[in-house]
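**Q** coords please:
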Amino acid sequence: MKFICLGYIDINAFSTQYTEAQRQAMMDSCFAYDDQLRANGHFQGGEGLQPPNTAMTLRYTNGRVVVTDGPFAETKEQLGGIMILEARDLNHAVELISQHPGAKFGPWEIRPAADLGEMIRQSEIRRGKTGAR
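**A** As a prediction, the model looks like this:
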């Protein structure tokens, strides 16, 4: 079963409370654990994100699209990256992420991935799309 794992970090605390050598050591331990997850068939994909100040937030308001600078957030922790895990169940996914070194630097949200296959197939039928699944 696939799980989407969202890792959050307080980028200000990370950059001010740790030396460059400590930050590099943490990243090395995270990448080493990711390699372990890959070797065991659990790592299905993932990406780190650029800092929050590079983000744009888009929302539909009063009939039009409104774009603002930065992420939509009311907490000091910002989304730092995503990981797609293959795990037996939610408890197994929690167990895997709880061992990730990045868990020491911010919270992780873990959700089962939604299987949209049937919803997509029904939409293709409604839209008259040829070759519907």
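**Q** contacts, neighbours, all on C-alpha from now
**A** OK.
**Q** if I look at the most centrally placed residue in the chain, how far off is A113?
**A** What sits nearest the mean C-alpha location of the chain, by C-alpha atoms, centre = their mean, is I82, with 2.0 Å. For I82, the distance to A113 equals 12 Å [C-alpha to C-alpha, to the nearest Å].
**Q** which residues do these two both contact?
**A** I4 (C-alpha atoms under 8 Å, 6 or more residues apart in numbering).
**Q** just to be sure, V66 is in a strand?
**A** Yes - assessed by DSSP: H, G, I helix; E, B strand; the rest coil, V66 belongs to a strand.
**Q** any idea how far G45 is from it?
**A** 31 Å.
**Q** distance between the worst-scoring helix or strand of the chain on mean pLDDT and the chain's centre?
**A** Sorting the helices and strands of the chain by mean pLDDT, DSSP states H and E puts helix 11-17 at the bottom, at a mean of 86. Mean C-alpha position of helix 11-17 versus that of the full chain (C-alpha atoms, centre = their mean, to the nearest Å) differs by 20 Å.
**Q** cool, and stretch 58-72?
**A** The answer for stretch 58-72 is 21 Å, by C-alpha atoms, centre = their mean.
**Q** now that stretch: average pLDDT?
**A** The predicted model gives stretch 58-72 an average pLDDT of 88.
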